[in-house]
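J.: need coordinates for the below:
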Amino acid sequence: MQMFSQQARVTTGTGQLPQTACAPMRGGETDQRLDIHGLYLILRRRAPLIAVITFVVVAIAIAYLMNAVRLYSSSAQILIDPRQKVVVGSQVRAGGLGFDKAMIASQVSIISSDTVLRRVVKKLHLASDPEFIGKPGLRDRVKLFLGLGKSGGGKSGNLEDRALEVLYKKLSVKRANMTYVIEVTVSSEVPEKAARLAQAVADAYLADQSDAKIETTRQTSQLLAERLDELRNRVRDVETQIEKFKVKHNIVAAEGKLVNEQQLNRLNDQLINARSATAQSLARYNKIKSFLRSGVDLDSAYEAVNSPLIARLRTQYAEIARRQSNMKASLGAAHPSLISVNAQLRQTKKLIREELSRIAKTAQNEYEIALARENSILKSLEKSEARASLSNEARIKLRELQREATARRAIFESFLVRARETKEQENLQTPDARIISAAAIPISPSHPRKKLILIMSFIAGLGLGIVVALSVDLFSRKNTVARQERIAEPLARQDLAVNMPYRTFAAEMGPDPASDRAPQTVSSQNVPIPGPIAYIPHLERRNAAGFPLEGGKTGSFTLHDFAIALDDPGYLPPSAFSVAVHTLFKTLQNSTGERHGRKILLCAPGAGEGVSTLSACLSMAATLSDNRALLVDSDMSRPELSNRMAAHSRLSVADVLSGYAAMEQIVVRDEQTGIELLPLVPPRGYETGFAARNLLHQRMSELARKYPMVFIDGGSVAENAGLHDLVDHVDDVLMVVREGVHNRAGIAHALNTLGVGVDKFRGIVSIMGAQYMSRAG
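T.: Predicted structure coming up:
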């Protein structure tokens, strides 16, 4: 697996990059990351070590499984019914369990209590079972000696207590999820015994619940009986006080009411009736008197008195009056018959008046009698009220005693009913739980869990092997970094050490014949870049044709692939390659400050060091950071960038030297990667002397002022003859060194050949490829 440093190491020097460009790692250690393909390489390389460790761990697990005692587990399920069972009236015992979770948890503790388990020990005779009373080991004897055994009253090591303790260890009681179901599980070396034990524990719990209810009911009955005797005496005492109080204050009651109160009610009714009769008699008498005084006609008098005699006289009077009227029409006033009729008429009216006078006298007598009766009743009522007012205080006290007696009587009757119901309920108790799933005989052992142990041992062994493999590789990596620091230290220059995938362009590759680019706009999407593998995780997922799986095979990466690796949002966190390139670019960018047109020359001691790849990636990093950067290909011996990006360009440096085109006209821009390339190499067969190269370098410097940064691919110091002339026109020089290829003497020789001054040399970029990592690991 490739491990890349995410920061550049900056050492001290004069005229070098600022220390704030990239801070050193804490404690002087290099932060290291692992990419996916590099991890695969380490695991593949360390596969024998991982396999051995995994085999050892699995072998230990198999040995344990072969010697472990097999245990079988059987479970019974108990439902705690929250509904209250009312058998006889209102139960005196505690109500149903309801929905209280704490109550369910309490039942779990009750099932595993000594009271319930001791029933099982006695029922199944576990005190004589060798599985439960086997000879205690050293650990058990030490625990008993120190008093660390399972707590319980009077457990001194006898057989029953030991069997109880072993049963407790083999028992597991838990609530099934968030339901009212409790699962009771017991383990044993014999499957049938495990089922018997689980069923016995469930039955013992139900029996314990029933016994507890019966005992509670019996105790309640005794308490109610004692309370009833006390209440009975209290009711008798208050009733005796009431009777004595009545006799003392001469209070007589009939039909549940006091006699004085009944007499007052009757007198009030009689007084009301007497007053009504008196008023009626007075009204009749006054009306008759008014008739006698005013001489009202007979019809009105009849309607007032309603007397039969007056009715007959009225009829007679009417007949005589009719005859008188007929006679007056035919006879004279002096006629004897008319005179006789007139006399009869006067006699009849006289009789009527006499009758009215007699009736008025009678009405007067009736009025006087009614008035006398009313006065008599009123006097009797006043006397009764006077007597009643004298005993008001006594009646208040009597009512207080009666209310006290009523309350005590009600409480006594309620307790009496409850006592009788509780007495009948003693033999009707049912538990609040029931077995919903009986214990079955297990088929396979529950301990040890072979499949789980084997799988976990395999995973543990594999994980341990991977950790050991990574540790060994990390240790080798630290040794490699130490060697890198020893190479750079004697140079007394600033050292930018960036671990990134090693990449070169093959000089022998010609232009892409399938390319159909415009003269000044090229695309690197399908341009092959063969060479040692550059393991970029995103490109591995693409599975391009001919893509290698390990170093040393032929790959087919493009510039666009590198651009994706530098700016792929799928990398979270970013790949070590991207971090290394961006770190180097930020360091160089911070060193330029506000200055534009800073020209940075990248070169290597020999060919195939990855200078072209690093120059292109730095230019891509600038573009991704919204900064313009000019990439210059000045490698006369291996113009790989020009061959890839400017192979179909109509203009070249020959046109610039001839005055046909300006320098900026030959700049080629790749639309996919954003790289702007200045191919500063002449076409094949075009020879340039010192003057021509100097002119090109001057024109390049003038064009560089339009860009914040310029990255110049100088190629190999040993092969590029014009590189020495270019040094005078650049601002900074970086030496690119492939890790493990050059020693200190080789690097120093390249710097001396190049003739770089202290004021321009900025340091060494150390590139570590997958091939070297494989060797170093």
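
J.: quick one: mean pLDDT for the helix ranked longest in the chain?
T.: Determined from DSSP state H, the single longest helix within the chain is helix 191-248. Per-residue pLDDT over helix 191-248 has a mean of 87.

J.: what's the answer for stretch 696-714, then?
T.: What stretch 696-714 shows for mean pLDDT is 89.

J.: now do the end-to-end distance for it.
T.: Taking CA to CA, to the nearest Å, stretch 696-714 runs 14 Å from one end to the other.

J.: name the residues of it that are buried.
T.: For stretch 696-714, the neighbour count (16 or more other CB atoms under 10 Å) marks 696-697, 699-701, 703-704, 707-714 as buried. Placement of C-beta: from N, CA and C, glycine included.

J.: what's stretch 451-463 in contact with?
T.: Applying CB atoms under 8 Å, 6 or more residues apart in numbering, the contact partners of stretch 451-463 are 50, 53-58, 60-62, 64-65.

J.: got a ChimeraX select line for the buried ones in these?
T.: Buried members of these, defined by 16+ other CB under 10 Å, are picked up in ChimeraX with:
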select :50,53,54,57,58,61
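
J.: now, among the contacts of stretch 451-463, which is nearest to residue 651?
T.: residue 50 (57.8 Å; CB to CB).

J.: export the contacts of stretch 451-463 as a markdown table, with columns for distance to residue 652 and pLDDT.
T.: Formatted as a markdown table, those follow (distance: CB to CB, whole Å; pLDDT from 0 to 100):
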| residue | distance to residue 652 | pLDDT |
| --- | --- | --- |
| 50 | 56 | 91 |
| 53 | 61 | 93 |
| 54 | 61 | 92 |
| 55 | 64 | 93 |
| 56 | 66 | 94 |
| 57 | 66 | 94 |
| 58 | 67 | 93 |
| 60 | 72 | 94 |
| 61 | 71 | 91 |
| 62 | 73 | 91 |
| 64 | 77 | 89 |
| 65 | 77 | 86 |
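
J.: let me have the contacts of stretch 451-463 in CSV, extended by secondary structure.
T.: Output for these, formatted as CSV (DSSP: H, G, I helix; E, B strand; the rest coil):
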residue, secondary structure
50, helix
53, helix
54, helix
55, helix
56, helix
57, helix
58, helix
60, helix
61, helix
62, helix
64, helix
65, helix
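
J.: turn the contacts of stretch 451-463 into JSON lines, columns for distance to residue 756.
T.: Formatted as JSON lines, those follow (distance: CB to CB, whole Å):
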{"residue": "50", "distance to residue 756": "47"}
{"residue": "53", "distance to residue 756": "51"}
{"residue": "54", "distance to residue 756": "53"}
{"residue": "55", "distance to residue 756": "56"}
{"residue": "56", "distance to residue 756": "56"}
{"residue": "57", "distance to residue 756": "57"}
{"residue": "58", "distance to residue 756": "60"}
{"residue": "60", "distance to residue 756": "61"}
{"residue": "61", "distance to residue 756": "63"}
{"residue": "62", "distance to residue 756": "66"}
{"residue": "64", "distance to residue 756": "67"}
{"residue": "65", "distance to residue 756": "69"}
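
J.: could you single out the nearest of the contacts of stretch 451-463 to residue 433?
T.: Closest approach between the contacts of stretch 451-463 and residue 433, by CB to CB: residue 65, at 38.3 Å.

J.: so which of the buried residues of stretch 696-714 belong to strands?
T.: Mapping those onto strands (DSSP state E) picks out 709-714.

J.: which residue ranges form the helices in the stretch 551-700 of the chain?
T.: For the stretch 551-700 of the chain, the helices defined by DSSP state H, counting those that start in this stretch cover 559-566, 576-592, 611-624, 640-645, 653-657, 690-704.

J.: and those helices: which comes nearest residue 411?
T.: Residue 411 sits nearest to helix 576-592 of all the helices of the stretch 551-700 of the chain, at 87.9 Å, using CB to CB.

J.: what packs against the closest one?
T.: Applying 3 or more CB pairs under 8 Å, 6 or more residues apart in numbering; DSSP states H and E, one finds that helix 576-592 contacts strand 3-5, helix 559-566, helix 611-624, strand 709-716.

J.: may I see the buried residues of that helix?
T.: Neighbour-count burial for helix 576-592, counted by 16+ other CB under 10 Å, picks out 576-589, 591-592.

J.: repeat for stretch 359-369
T.: By neighbour count on 16+ other CB under 10 Å, the buried set for stretch 359-369 is 359-360, 362-364, 366-367.

J.: and stretch 170-181, by the same measure?
T.: Buried residues in stretch 170-181, counting neighbours by 16+ other CB under 10 Å, are found at 170-171, 173, 175, 180-181.

J.: what about it, how long is it end to end?
T.: End-to-end span of stretch 170-181 (CA to CA): 20 Å.

J.: contact partners of it?
T.: Defining contact as CB under 8 Å, 6+ apart, one finds that stretch 170-181 is touched by 73, 77-82, 97, 104-105, 108, 111-112, 117, 182-188, 197, 201, 436.

J.: mind doing that once more with 7 Å?
T.: The contact list for stretch 170-181 (CB atoms under 7 Å, 6 or more residues apart in numbering) reads 77, 79-80, 82, 104, 108, 111-112, 182-188, 201, 436.

J.: turn the helices and strands packed on helix 576-592 into TSV, including distance to residue 124.
T.: Output for those, formatted as TSV (distance: least, CB to CB, whole Å):
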stretch	distance to residue 124
strand 3-5	65
helix 559-566	72
helix 611-624	79
strand 709-716	88
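
J.: these: which one's closest to residue 400?
T.: The closest of the helices and strands packed on helix 576-592 to residue 400 is strand 3-5. By CB to CB, the value is 100.2 Å.

J.: counting neighbours, what do you get for the residue lying closest to residue 49 once chain neighbours are set aside?
T.: Nearest non-adjacent residue to residue 49, counting by CB to CB, 6 or more residues apart in numbering: residue 469, 5.9 Å away. Using other CB atoms under 10 Å, residue 469 has 23 neighbouring residues.

J.: and what of the one 3 residues further on?
T.: Residue 472 sits with 15 neighbouring residues when counted by other CB under 10 Å.

J.: now do the SS call for it.
T.: Here residue 472 is recorded as helix under three-state DSSP.

J.: residue 762 falls within a strand, correct?
T.: Yes - secondary structure of residue 762 (three-state DSSP): part of a strand.

J.: look up how far residue 346 lies from the closest residue to it other than its chain neighbours.
T.: Nearest non-adjacent residue to residue 762, counting by CB to CB, 6+ apart: residue 732, 4.7 Å away. Separation of residue 732 from residue 346 (CB to CB, to the nearest Å) stands at 169 Å.

J.: looking at the two, which is more packed in?
T.: Ranked by neighbour count (other CB under 10 Å), residue 732 and residue 346 place residue 732 first, with 22 against 11.

J.: could you give the bridge partners of the more buried one?
T.: Following DSSP bridges, residue 732 is listed with bridge partners residue 600.

J.: wait, it sits on residue 760?
T.: Yes - taking CB atoms under 7 Å as the definition, residue 732 is a contact partner of residue 760 at 6.1 Å.

J.: hang on, the earlier thing: of the buried residues of helix 576-592, closest to residue 244?
T.: Nearest to residue 244 among those: residue 579, at 108.5 Å, using CB to CB.
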